[in-house]
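[1] make a model of this:
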Amino acid sequence: MAKTKRGERAALQRALDEIAQEMHETDGWGMPPEDEALSRVDLHQFGIAVAFPGEGVVASAGDAQVPFSIQSISKILSLELAHEAIGDALWKRVGREPSGNPFDTVIDLEQYKGYPRNPLVNAGALVVIDLLVSKYGSDEAAHAVRSFVEKHLDGDKVTFSDEVIESSRQGGDQNTALMHIARHFGNFDNEPAKVMLPYVLQCAMELSCHQLARLGLFLIPPEPPKPDDADQRRIKRARRILSLMLTCGMYDGSGEFAYRTGLPAKSGVGGGILAVVPGTASIGVWSPGLDEAGNSRLGVMALERLSDRMNWSVFANRGPV
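    You can find the predicted model right below:
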């Protein structure tokens, strides 16, 4: 991809500044998360950052440097690692269909006999990590996502929220139930406690919008003139993960979000959203107040406005940025 021009960067910065101002003037910041640790975060915060391949973050606004718990955004990271490790055998253990039910539902898992609907609901993410634990062991799997993130952030040290870790451990009964149900149907290999550790740690990872936007660039891999087999596999994984983000990445609000923004995205109940303009840009946005689907209320609004102003919907007939 060609580097952005100075005028294009200026236009993007103006759009982000305007959107940040509009968000701070809103009447409704959303609802606090149900998690005890996350609910103590000040809702009146908003940040956004945009990164481009080969350039990193080129524009940001608001509280873009404030770290937050990425929560379920981490699911796409463990999915990338598992898919890289075992290839398409992954899909024998987890599906690729939207759920339409809450992300932590046990109903789907029972209905489909231990086969999660997709890897971005809790049941699917736990099965993905079960695969990583089987391949690497619990301790190494617990640090695999952290190592992946630090590699893609050029060595930035990643921190974890101790409060979120403790809160997740105390409130993990439903996730434990999901693992036992999957195990009952023969789709879970390890003791739930060995899988819970890496799951909790990846959800408690803290990143800023700046870091999240930079991290998301792994989903825009370069396409060399003569890609080798490893290049082709990396490009194929990115395309598949983006397709799942578009259809399943925003909980049971995924269809509405795709309608409003036309962007693949993954949210977390910490208020963060990673969105990608395929082949063009990665966007990190954060505001901790949630909507009814468990997505950042202002984050969704901001991404809709940014997509409209920059003509970034994947369904748009657009030229260069």
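[2] three-state assignment of the residue nearest to H44 when sequence neighbours are not counted?
    What sits nearest to H44 in space, not counting adjacent residues and going by C-beta to C-beta, 6 or more residues apart in numbering, is W29, at 5.8 Å. C-beta: built from backbone N, CA, C; applies to glycine. When classified by DSSP: H, G, I helix; E, B strand; the rest coil, W29 comes out as coil.
[3] please apply the same query to A61.
    Assignment for A61 (three-state DSSP): strand.
[4] I'd like to know how far it sits from L12.
    A61 sits 10 Å away from L12, going by C-beta to C-beta, to the nearest Å.
[5] and S78, what does it touch?
    A125, V128, I129, L132, A144, V145, P198, Q202 (C-beta atoms under 8 Å, 6 or more residues apart in numbering).
[6] just the buried ones among the residues you listed, please.
    With neighbours counted by 16 or more other C-beta atoms under 10 Å, those contain buried members at A125, V128, I129, L132, A144, V145, P198, Q202.
[7] max pairwise distance over these: which two?
    Using C-beta to C-beta, those span at most 13.8 Å, a distance reached by A125 and A144.
[8] center of the protein, which residue is that?
    I73 (2.5 Å; C-alpha atoms, centre = their mean).
[9] can you give me the end-to-end span of stretch 21-36?
    One end of stretch 21-36 to the other measures 29 Å (C-alpha to C-alpha, to the nearest Å).
[10] what's the average pLDDT for it?
    For stretch 21-36, the mean per-residue pLDDT is 93.
[11] got the buried residues for it?
    Under 16+ other C-beta under 10 Å, the buried positions of stretch 21-36 are M23, W29, G30, P32, P33, D35.
[12] for the helix or strand of the chain with the lowest mean pLDDT, buried residues please.
    In the chain, no helix or strand scores lower on mean pLDDT, DSSP states H and E than helix 162-170, which sits at a mean of 83. By neighbour count on 16+ other C-beta under 10 Å, the buried set for helix 162-170 is E163, V164, I165, S167, S168.
[13] for that helix, what is the distance to the chain centroid?
    Computed by C-alpha atoms, centre = their mean, to the nearest Å, the chain-centroid distance of helix 162-170 equals 20 Å.
[14] let me know the next secondary structure element after it.
    Later in the chain than helix 162-170, the nearest helix or strand by DSSP states H and E is helix 173-184.
[15] what's the mean pLDDT across that following helix?
    The average pLDDT within helix 173-184 is 95.
[16] helices and strands around it, which ones?
    In terms of contacts (3 or more C-beta pairs under 8 Å, 6 or more residues apart in numbering; DSSP states H and E), helix 173-184 is packed against helix 107-111, helix 122-136, helix 192-203.
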